[in-house]
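Novice: A structural model of the following input is requested.
(chains A and B)
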Amino acid sequence: MTAAPDKAFSVGTVSARSKLIAAILVTAYALVAVIPLVWILATGFKSPPDSISYPPKVLFQPTLEGYVNLFTSRTRQTPEYIKSLGPPKTWYDELARKRNMVISGPSRFKDRYLNSVIIGFGSTFLAVFLGTLAAYGFSRFKVPLKDDLLFFILSTRMMPPIAVAIPIFLMYREIGLSDTALGMILLYTAVNVSLSVWLLKGFVDEIPKEYEEAALVDGYSRLQAFVKTVLPQMRSGIAATSIFCLIFAWNEYAFALLLTSGQAQTAPPFIPTIIGEGGLDWPAVGAGTTLFLLPIVIFTVLLRNQLLRGITFGAVRK
Amino acid sequence: MSRVVLNNVTRNFGAIEAVKDLSMTINDGEFVVLLGPTGAGKTTTLRLIAGLEKPDRGTVEIAGTDVTAMAPTRRDVAFVFQQYSLYPHYTVFDNMAFPLRAPGRNLTPEQIKKRVHEIAELLRIESKLENRATQLSGGEMQRVSIGRALVRQPEIFLMDEPLSSLDAKLREDLRVELKRIQRELNATILYVTHDQLEAMTMADRIGVLSSGKLVQLDEPRKVYETPSNIYAAMRLGSPQINILDASSLKDTDLPANTHSVGVRPEDIVLGSANGTLAKVLTVEHLGVETVILMESEGRNIRAMLGGDAPLAEGDETSFAIREGSAICFDRQGEIIS
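Specialist: Numbering: from 1, shown residues only, chains lettered A, B, ... in the order given. As a prediction, this is how the structure comes out:
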């Protein structure tokens, strides 16, 4: 028999060299992933000349011009006319006038952004709410044709949105849902429900049914048992599912472009139109994109503890 | 507390008959243990009484009322599950108070607090009340689980192998405690186990189940001494009873239709003058007693002797059956009385 090695091979201990390699790889990946985000953030605070200068500027004088341009619509005027207006009343008037512009009113960005918030969160809430109940039903009760139904629900997710966009556009026009927030909420809910049913069913399956049976025997109704015993244990699953649904609804572009125009347009189809208004206003695009990213970041950070548990849920039984 | 009666209850799962035409009565204040191997229908019987399963045929009566069609919520029974099933998002106190907070019980917070503390004291988990359920050891979790049933005063307690997931020492402690608590509260308990020691020590009556059928329901001593058939005889006693062919025995005063004979290991006498020859295979010294496994005419025989049995592996010896101790079974394996 040979002498035992100093250190046993263990899955728990990692050598210093492996750690270094891992650190380098993670850092490299983080750089690749983070640089575009940093660039967008920076562009939002650049002046228009800085944003298109070559070679690109890494250090620059930050300005809020991009944000002003994003939230306002402006008209170009002669310097003589601008002088005749007297001193600028606000700091954003001043910024605009430096470029021979006069602010003529607010832009539509605020409305579009609000549409995104209403449609994104509204459809996420509905999809997760319906998904939770459906997942519980599929997990606990004898549903006729259960497997076929589950497959059918999943199959709605298989085709690209563009394939159904035209029929939906025609139907929506007939029933008056075209270009309405309600129409978009219903559509995104329908798309997300499949994801949420499947994800959540996995979570419900992991919760032993003895919990509810104990509650039933103890004098609670089925619904009370569900609310008191199952729902609290589904928290991480619900959080993870909500984030996935919100990300889809928030970023969705194809349906939004085709089905909304004046009233219910969301931010994704709107932001590119900034490029068309008065040349390539990259700082405004950067500003719009930065603001657009924020809700998802905040939502994810708020739910991150739940999310981490949610993603690893079911992998190892405690 | 009150009587629970099962009348000809049958429950099938697809092609499997989990419970077959089961009739039994559990009397007020009685501790009945259902004994049987996995798949004998013990848990299904409990679930039928609790209303978690609906019988295909037959009726269930609790306190004189037919509850067959009644939802579990309204049956007023308490269930202790094999897995602790404590709510991980609650503290121990909240777990134990959970049944008391059910709608329709209308207890004040003070009443709930008082009751939970009483039971926690009884189960010696008072110091753990503020802990989260997940911070407890296995034994503590099972106590809380039992406590959650005890806080109520239901018609009957249904316990599904509550001690099976605990280590031997804890199991013994809790077994004694559970019996003490049952006496103290004069509780009616239907307890399911496959552990014959638990059945023997705790039960007022033991019900032996075999693939969904009740084979025998009697006091532990009666089941042990006069098992109704070979199956029931095999369920109790450790080491297991010896089943011998009647034809291989020299004993002649057996009833005429005796097909096989059951002999408890403690009723085997070794070294008798006109006994059957046997070879010792193994000797297990268990302290107070010694278990000897012998081979005779191609069959194994277990004998239990005192702690100082002077036998070793490979020894030749002879054995006989203590007079009057043989339990005679007919061709179908039923006892001949």
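Novice: B:Gly51: what's it in contact with?
Specialist: A:216-217, B:60, B:67, B:70-72, B:75, B:77 (Cβ atoms under 8 Å, 6 or more residues apart in numbering or on different chains). The way it works is simple: take the backbone N, C-alpha and C, and place the C-beta from them, glycine included.
Novice: per-residue pLDDT, it?
Specialist: Listed pLDDT for B:Gly51 reads 92.
Novice: residue 24: neighbour count?
Specialist: No chain in the question, so chain A it is. A:Ile24 has 10 neighbours, counted by other Cβ atoms under 10 Å in any protein chain shown.
Novice: that's the other chain; I wanted chain B
Specialist: The local packing of B:Met24 (other Cβ under 10 Å) involves 18 other residues.
Novice: same question, B:Glu323
Specialist: For B:Glu323, using other Cβ under 10 Å, the count is 10.
Novice: check B:Ile292 too.
Specialist: B:Ile292 has 25 neighbours, counted by other Cβ under 10 Å.
Novice: same question for the one 4 residues further on.
Specialist: Under the neighbour criterion other Cβ under 10 Å, B:Ser296 is assigned a count of 17.
Novice: show me the beta-bridge partners of it.
Specialist: B:Arg299 (DSSP bridges).
Novice: go ahead and confirm it touches B:Gly275.
Specialist: No - B:Ser296 lies out of contact with B:Gly275 (Cβ atoms under 8 Å); the separation is 9.5 Å.
Novice: element containing the residue of chain B positioned farthest from its centre?
Specialist: Going by Cα atoms, centre = their mean, the residue of chain B most distant from its centre is B:Ala273, 39.8 Å out. Per DSSP states H and E: B:Ala273 is located in neither a helix nor a strand.
Novice: and the pLDDT at it?
Specialist: 75.
Novice: give me the phi and psi for B:Phe157.
Specialist: phi -100, psi 130 (degrees, to the nearest 10).
Novice: that one and chain A: what is the separation?
Specialist: According to Cβ to the nearest Cβ, to the nearest Å, B:Phe157 and chain A sit 11 Å apart.
Novice: now that residue. Nearest residue, chain neighbours left out?
Specialist: Of all residues not flanking B:Phe157 in the chain, B:Ile189 sits nearest, at 4.6 Å (Cβ to Cβ, 6 or more residues apart in numbering or on different chains).
Novice: got a list of what that neighbour touches?
Specialist: B:30-32, B:156-159, B:182.
Novice: what parts of chain A come near chain B?
Specialist: Contact residues (Cβ under 8 Å from any Cβ of the partner chain) of chain A with chain B: A:208, A:210-211, A:213-221, A:224, A:228-229, A:232-233, A:318.
Novice: looking at this, A:Ile168 is in a helix?
Specialist: Yes - assessed with DSSP: H, G, I helix; E, B strand; the rest coil, A:Ile168 lies in a helix.
Novice: mind jotting down where the strands sit in the stretch 201-318 of chain A?
Specialist: Along the stretch 201-318 of chain A, no stretch is classed among the strands by DSSP state E, counting those that start in this stretch.
Novice: give me the beta-bridge partners of the residue nearest to B:Phe157?
Specialist: For B:Ile189, the beta-bridge partners are B:Phe31, B:Phe157 (DSSP bridges).
Novice: chain A versus that one, what's the distance?
Specialist: Taking Cβ to the nearest Cβ, one finds B:Ile189 at 15 Å from chain A.
Novice: where does pLDDT dip in the chain?
Specialist: This is for chain A. Within chain A, the stretches with pLDDT under 70 are A:1-12, A:275-279, A:308-318.
Novice: sorry, I should have been clearer: chain B.
Specialist: For chain B, the ranges with pLDDT under 70 are B:1, B:84, B:250-252.
Novice: can you mark which positions in the longest helix seen in it are buried?
Specialist: Secondary structure of chain B per DSSP state H: the longest helix is helix B:168-185. Residues of helix B:168-185 classed as buried: B:170-171, B:174-175, B:178-179, B:181-182, B:185 (neighbour count, 16 or more other Cβ atoms under 10 Å in any protein chain shown).
Novice: excluding covalently adjacent residues, which one is nearest to the residue of the stretch 101-250 of chain B found nearest chain A?
Specialist: Closest approach of the stretch 101-250 of chain B to chain A (Cβ to the nearest Cβ) occurs at B:Ala102, with a separation of 3.3 Å. Leaving aside its sequence neighbours, B:Ala102 sits nearest to A:Gly219 (Cβ to Cβ, 6+ apart; 3.3 Å).
Novice: and for A:Ser51?
Specialist: Going by Cβ to Cβ, 6+ apart, A:Ser51 has A:Trp282 as its nearest residue, at 4.0 Å.
Novice: one more: B:Ile156?
Specialist: Going by Cβ to Cβ, 6+ apart, B:Ile156 has B:Thr188 as its nearest residue, at 4.6 Å.
Novice: ok, that neighbour - contacts?
Specialist: Neighbours of B:Thr188 in contact, by Cβ under 8 Å, 6+ apart: B:1-4, B:26-31, B:155-157.
Novice: neighbour count added to the residues you listed, as JSON lines?
Specialist: Formatted as JSON lines, these follow (neighbours: other Cβ atoms under 10 Å in any protein chain shown):
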{"residue": "B:Met1", "neighbour count": "18"}
{"residue": "B:Ser2", "neighbour count": "17"}
{"residue": "B:Arg3", "neighbour count": "17"}
{"residue": "B:Val4", "neighbour count": "25"}
{"residue": "B:Ile26", "neighbour count": "25"}
{"residue": "B:Asn27", "neighbour count": "14"}
{"residue": "B:Asp28", "neighbour count": "14"}
{"residue": "B:Gly29", "neighbour count": "16"}
{"residue": "B:Glu30", "neighbour count": "20"}
{"residue": "B:Phe31", "neighbour count": "21"}
{"residue": "B:Glu155", "neighbour count": "21"}
{"residue": "B:Ile156", "neighbour count": "26"}
{"residue": "B:Phe157", "neighbour count": "26"}
